[in-house]
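**Student:** Sequence and predicted structure below; questions after.
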Amino acid sequence: MILPKFVHTRLLHPLKQFIHDSRAIGIILLTCTAVSLIAANLGDWGEVYRNMWNISFDGTTGHHLHLGFLSLPNSPLLVINDALMALFFFLAGMEIKRELVTGELASLKKSALPVAGAIGGMLAPALLFGLFNKGTAYMHGWAVPTATDIAFTLGIASLLGKRVPVALKIFLTALAIIDDLGAIVVIALFYGSEIAIGYLLGAIAVVGLLWFMNKRKMTFGIWHWLLGIALWYCMFNSGIHATVAGVIFAFMVPVSKLEDFELKFHTPVYFIVMPIFALANTAIGLPENSLHALNSSLSWGIIVGLCIGKPLGITTACYLLVSRKLAELPSGTNWYKMIGGGLLAGIGFTMSIFISTLAFVSPAEQDIAKISVLLASLIAMLSGYIWLKKQRNKEHEIRNQEV
């Protein structure tokens, strides 16, 4: 069907432009978060909205829905966090593989600075969280403030235009990708449940079969995708978090297919999966004593970890490498701008909220952690934006004085 010209010019073309704008993802996620928080606090309707994400498909309180021999997620929230988010991790895994093969992580010289920054940016927040929560029941959430949200970080960086050099954006992208890889390892090692050996062996067998098919140079097609689903199913029931299957499957994708699949999955993941994730995971009922609830070691550990630990860890680690001439700052970047990039890296959002759902069993603790992540991410956005914008203003002042 041929659509009228005005539909293309007035509706479709602007929509395509918006989708391909790096700021669009952040705008949509912020909108979904705001809508979800408002909906979750509309009296009786808010309770209905909050509860609908946790409706049990079979009326039980278990996490698994048993359909004959199948064992599947047992609520809309579990479907989103265990199944749909596997697509997000699949996309992240392909980005990691591409960077390792042909991108900024392809050589030791290129990868040294972002790798060091990512490690420092994970260790410092975890240590600060530990200082606030040592000996408490919240200590299991140490990984919550260690994550960087690549979509929001690059979205805010794009809003700043030339204030953020292209080389610094590339550095932040590589750092966030390594950060994602670190978060995936943490989730696999620390936030699974009791291991079911049978399913784990099944997952290993599927990976072995995928490797064999690639070794024989079989065309990547329907059998690979069916094995990918089987890998997710085995991982979901193995005790290791199901989303890890997305990353493992991504590493089975041939290098020649990476760019094509990334383009195909980018829009559905960032404009369907992620907004649904934001709606479901920020359906938080704010308590009347919200400020009192946030005045806890859990909240302070997350907020300080993201807002101070991230820039401190990233900048310190990078400084140690540069000062020893083991790496160089990104071109057009000084230490002031590196600190600004570190502040933006404190935007946790997606991965931090996701880890909050794994780290805590109590819905009340999950909500406090999520609200703390949202507040910390907002502080990181504003502080990073103001810091980097001020740098540009200083440069203008210097030039005017020279004239």
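**Tutor:** Sure, I can see it.
**Student:** pLDDT (mean, whole number) over stretch 252-271?
**Tutor:** This predicted structure assigns stretch 252-271 an average pLDDT of 91.
**Student:** Give me the buried positions along that stretch.
**Tutor:** 252, 253, 258, 261, 262, 265, 266, 269, 270 (16 or more other CB atoms under 10 Å). (Glycine included, C-beta is placed from N, CA and C.)
**Student:** mind listing what the nearest residue to residue 369 once chain neighbours are set aside touches?
**Tutor:** If the residues on either side of it in the chain are set aside, residue 369 comes closest to residue 356, at 3.8 Å by CB to CB, 6 or more residues apart in numbering. With contacts taken as CB atoms under 8 Å, 6 or more residues apart in numbering, residue 356 has the following neighbours: 141, 144, 366, 369, 370, 373.
**Student:** distance of residue 368 from residue 250?
**Tutor:** 33 Å (CB to CB, to the nearest Å).
**Student:** Mind putting the buried residues of stretch 252-271 into TSV with secondary structure and distance to residue 75?
**Tutor:** As requested, the buried residues of stretch 252-271 are exported to TSV (DSSP: H, G, I helix; E, B strand; the rest coil; distance: CB to CB, whole Å):
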residue	secondary structure	distance to residue 75
252	coil	29
253	coil	30
258	helix	33
261	helix	29
262	helix	30
265	helix	25
266	helix	28
269	helix	21
270	helix	24
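**Student:** which of the contacts of residue 356 lies closest to residue 51?
**Tutor:** residue 366 (14.7 Å; CB to CB).
**Student:** And the closest one, how close does it get to residue 78?
**Tutor:** According to CB to CB, residue 366 and residue 78 sit 14 Å apart.
**Student:** any idea of the mean pLDDT for stretch 325-340?
**Tutor:** pLDDT averaged over stretch 325-340 equals 89, rounded to a whole number.
**Student:** sorry, back to before: can you redo the contacts of residue 356 as a markdown table with neighbour count, secondary structure and pLDDT?
**Tutor:** Compiled in a markdown table, the contacts of residue 356 are given as follows (neighbours: other CB atoms under 10 Å; DSSP: H, G, I helix; E, B strand; the rest coil; pLDDT from 0 to 100):
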| residue | neighbour count | secondary structure | pLDDT |
| --- | --- | --- | --- |
| 141 | 27 | helix | 94 |
| 144 | 31 | helix | 95 |
| 366 | 19 | helix | 90 |
| 369 | 26 | helix | 93 |
| 370 | 25 | helix | 91 |
| 373 | 31 | helix | 93 |
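**Student:** Let me have those in TSV, extended by distance to residue 127.
**Tutor:** Output for those, formatted as TSV (distance: CB to CB, whole Å):
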residue	distance to residue 127
141	14
144	13
366	23
369	18
370	22
373	18
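**Student:** Would you mind confirming that residue 56 is in contact with residue 75?
**Tutor:** Yes - here residue 56 reaches residue 75: they are 5.7 Å apart, a contact under CB atoms under 8 Å.
**Student:** Identify the farthest-apart pair in the buried residues of stretch 252-271.
**Tutor:** With CB to CB as the measure, no two of the buried residues of stretch 252-271 lie farther apart than 252 and 270, at 22.3 Å.
**Student:** which residues in this protein form strands?
**Tutor:** In order along the chain, the chain carries the following strands (DSSP state E): 64-67, 70-73.
**Student:** Nearest approach to residue 246 belongs to which of those strands?
**Tutor:** For the strands of the chain, the distance to residue 246 is smallest for strand 70-73, at 14.6 Å, taking CB to CB.
**Student:** Mind giving me the packing neighbours of that closest one?
**Tutor:** Contacting strand 70-73 under the criterion 3 or more CB pairs under 8 Å, 6 or more residues apart in numbering; DSSP states H and E are the following elements: strand 64-67, helix 222-238.
**Student:** so what's the residue nearest to residue 369 scoring on pLDDT?
**Tutor:** If you check residue 356, the pLDDT there is 93.
**Student:** For residue 29, see how far away it is.
**Tutor:** Note on residue 356: its distance to residue 29, by CB to CB, is 16 Å.
**Student:** go on, residue 351?
**Tutor:** Note on residue 351: its distance to residue 29, by CB to CB, is 13 Å.
**Student:** Pick out whichever of those two has more residues nearby.
**Tutor:** Looking at residue 351 and residue 29 with other CB atoms under 10 Å, you find the greater number of neighbours at residue 351, namely 27 against 24.
**Student:** Let's see the pLDDT reported for residue 291.
**Tutor:** At residue 291 the predicted local distance difference test score is 68.
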